[in-house]
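Engineer: Based on what follows, work out the 3D shape:
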Amino acid sequence: MAYGRWKSLDQVERYARKRYSKLDQRLVDRREKALVRSLLQSYGITGDVLDLPVGYGRFQPLLREFGTVYAGDWGFFPAVYAHERLGTARLSVTCDAQFVPFGNNTMDLVFCFRLMQHMHVREERVRIYRELGRVSRRWVLVSVYLQSVFHTVHRTLFPQPSRITFLRRSEFETELAEAGLRLVALRSVLPGLHGHRIVLAQLS
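Structural biologist: I've put the predicted structure just below:
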């Protein structure tokens, strides 16, 4: 994951203060949250929600509006941060997204945001989608990066420290189908400018 393994709660907190502090990033943050809220409201999604990876808990307050929130992350301190500093997660666990320590069909929604673009191997992505679907009773909300000419050119001209995997939409939907999921809705964060997409899928 892009942020690596944080080594203390204070390190998580410093990242939380910095990550979306600039004006353009604050706009992206608002846009992403508005789209997530709209999807959850439009499809009447409520109940038990697993936020994986929780990171510094950016979506925890929003998700809590729709039900009981659980948190998972590969890092120990993000999981602790969500539970102790934010107080939003009923339970926080340390886990790999390919091996989630919850039983089959235990969550009404599994929320996986800004992870999949860092998964560069197709088989790993499919395993993660399959695992998210296993834990969910019906809904999976993920974000992915789909091919965008403008965004690709921008990253070529202005190289970033993190590598991003851009997929064709058909390629992405094939991976979902292989994992037993079906695309229900797709929203673009910044249409025409950015490859980031927010996707609502359900068990097929």
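
Engineer: Can you pull the poorly scored residue ranges out of the protein?
Structural biologist: Along the chain, segments meeting pLDDT under 70 span 1-4, 148-161.

Engineer: all helices in it, in order from the N-terminus.
Structural biologist: 9-19, 23-42, 60-64, 76-80, 122-135, 149-157, 169-178 (DSSP state H).

Engineer: What is the second one packed up against?
Structural biologist: To tie it back to what came earlier, the one meant is helix 23-42. Helices and strands touching helix 23-42, by 3 or more C-beta pairs under 8 Å, 6 or more residues apart in numbering; DSSP states H and E, are helix 60-64, strand 136-145, strand 181-188, strand 196-203. C-betas here are computed from N, CA, C, even on glycine.

Engineer: And it, what's buried?
Structural biologist: V28, R31, E32, L35, V36, L39, L40 (16 or more other C-beta atoms under 10 Å).

Engineer: Tell me which two of the residues you listed sit farthest apart.
Structural biologist: For the buried residues of helix 23-42, the farthest-apart pair by C-beta to C-beta is V28 and L40; their separation is 18.8 Å.

Engineer: related to what we said a few turns ago, now the helices and strands packed on helix 23-42 in JSON lines, with distance to R17?
Structural biologist: As requested, the helices and strands packed on helix 23-42 are exported to JSON lines (distance: least, C-beta to C-beta, whole Å):
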{"stretch": "helix 60-64", "distance to R17": "16"}
{"stretch": "strand 136-145", "distance to R17": "22"}
{"stretch": "strand 181-188", "distance to R17": "27"}
{"stretch": "strand 196-203", "distance to R17": "22"}
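
Engineer: need those in JSON lines with mean neighbour count, can you?
Structural biologist: As requested, those are exported to JSON lines (neighbours: other C-beta atoms under 10 Å):
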{"stretch": "helix 60-64", "mean neighbour count": "19"}
{"stretch": "strand 136-145", "mean neighbour count": "22"}
{"stretch": "strand 181-188", "mean neighbour count": "16"}
{"stretch": "strand 196-203", "mean neighbour count": "21"}
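
Engineer: these two touch, right, Q11 and P78?
Structural biologist: No. Counting by C-beta atoms under 8 Å, Q11 stays clear of P78, with 10.0 Å between them.

Engineer: For the residue nearest the centre of the chain, give its distance to R5.
Structural biologist: Of all residues in the chain, the one closest to the mean position by C-alpha atoms, centre = their mean is F113, 0.9 Å from it. According to C-beta to C-beta, to the nearest Å, F113 stands 19 Å off from R5.
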